[in-house]
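1. need a structure here:
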Amino acid sequence: METITNQVVHLTAQDFKEKVFNYETNTEWKYEGSIPAIVDFYADWCAPCKMVAPILEDLAMEYSGKIMVYKVDTENEQELASVFGIQSIPTILFIPREGQPQAAMGALPRQTFETVIQDVLLKN
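-> Reported below is the predicted structural model:
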């Protein structure tokens, strides 16, 4: 069952396969969503993750209906983190409607999120 907090959706591996990418049935990237997304791979104990969380919550509300913001707890979803080769957190996945996702590591400032949202996710 997914939890929604301020439009940020926490995903389990099963949710991820339905809403983002079914890595069990697809060998090539195929985004399952209808609008662009940001996926935050995080852990509760991670200080930089805690710095990014309120930024993502703000962006989720600001761009509601235009982008989805998902969070994946790497402690609870180790298989999912492993599929994506997540080795440092936070790792942020930017997923446009078409094309390949782009990953960024570390706590990004709000301006970087805004730039990627405008230049990559919403450019069509």
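
2. poorly predicted segments of the protein, please.
-> Low-confidence segments of the chain (pLDDT under 70): 1-6, 124.

3. the longest helix seen in it: how far from the chain's middle?
-> Using DSSP state H, we find that the single longest helix of the chain is helix 47-62. Using Cα atoms, centre = their mean, to the nearest Å, we find the averaged C-alpha position of helix 47-62 to lie 11 Å away from the chain's own average C-alpha position.

4. for it, which positions count as buried?
-> Under the neighbour-count criterion of 16 or more other Cβ atoms under 10 Å, helix 47-62 has 49, 52-53, 55-60 buried. Heads up, the C-betas are built off the backbone N, CA and C, glycines and all.

5. tell me the helix or strand right after that helix.
-> With elements assigned by DSSP states H and E, the helix or strand that comes after helix 47-62 is strand 68-73.

6. who are the packing partners of that next one?
-> Helices and strands in packing contact with strand 68-73 are listed as strand 8-10, helix 13-19, strand 37-42, helix 47-62; criterion 3 or more Cβ pairs under 8 Å, 6 or more residues apart in numbering; DSSP states H and E.

7. CA atoms only: put the last one into PDB for me.
-> These are the backbone C-alpha positions of helix 47-62, laid out as PDB (Å, rounded to 0.1, in the frame of the first residue of the first chain):
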ATOM      1  CA  ALA A  47      21.300  13.400   6.500                       C
ATOM      2  CA  PRO A  48      21.600  14.600   2.900                       C
ATOM      3  CA  CYS A  49      18.400  12.700   2.100                       C
ATOM      4  CA  LYS A  50      16.700  14.700   4.900                       C
ATOM      5  CA  MET A  51      17.900  17.900   3.200                       C
ATOM      6  CA  VAL A  52      16.300  16.900  -0.100                       C
ATOM      7  CA  ALA A  53      13.000  15.700   1.300                       C
ATOM      8  CA  PRO A  54      11.300  19.100   1.900                       C
ATOM      9  CA  ILE A  55      12.500  20.400  -1.500                       C
ATOM     10  CA  LEU A  56      10.900  17.400  -3.200                       C
ATOM     11  CA  GLU A  57       7.700  17.900  -1.200                       C
ATOM     12  CA  ASP A  58       7.500  21.500  -2.300                       C
ATOM     13  CA  LEU A  59       8.200  20.500  -6.000                       C
ATOM     14  CA  ALA A  60       5.500  17.800  -5.800                       C
ATOM     15  CA  MET A  61       2.900  20.400  -4.800                       C
ATOM     16  CA  GLU A  62       4.200  23.100  -7.200                       C
END
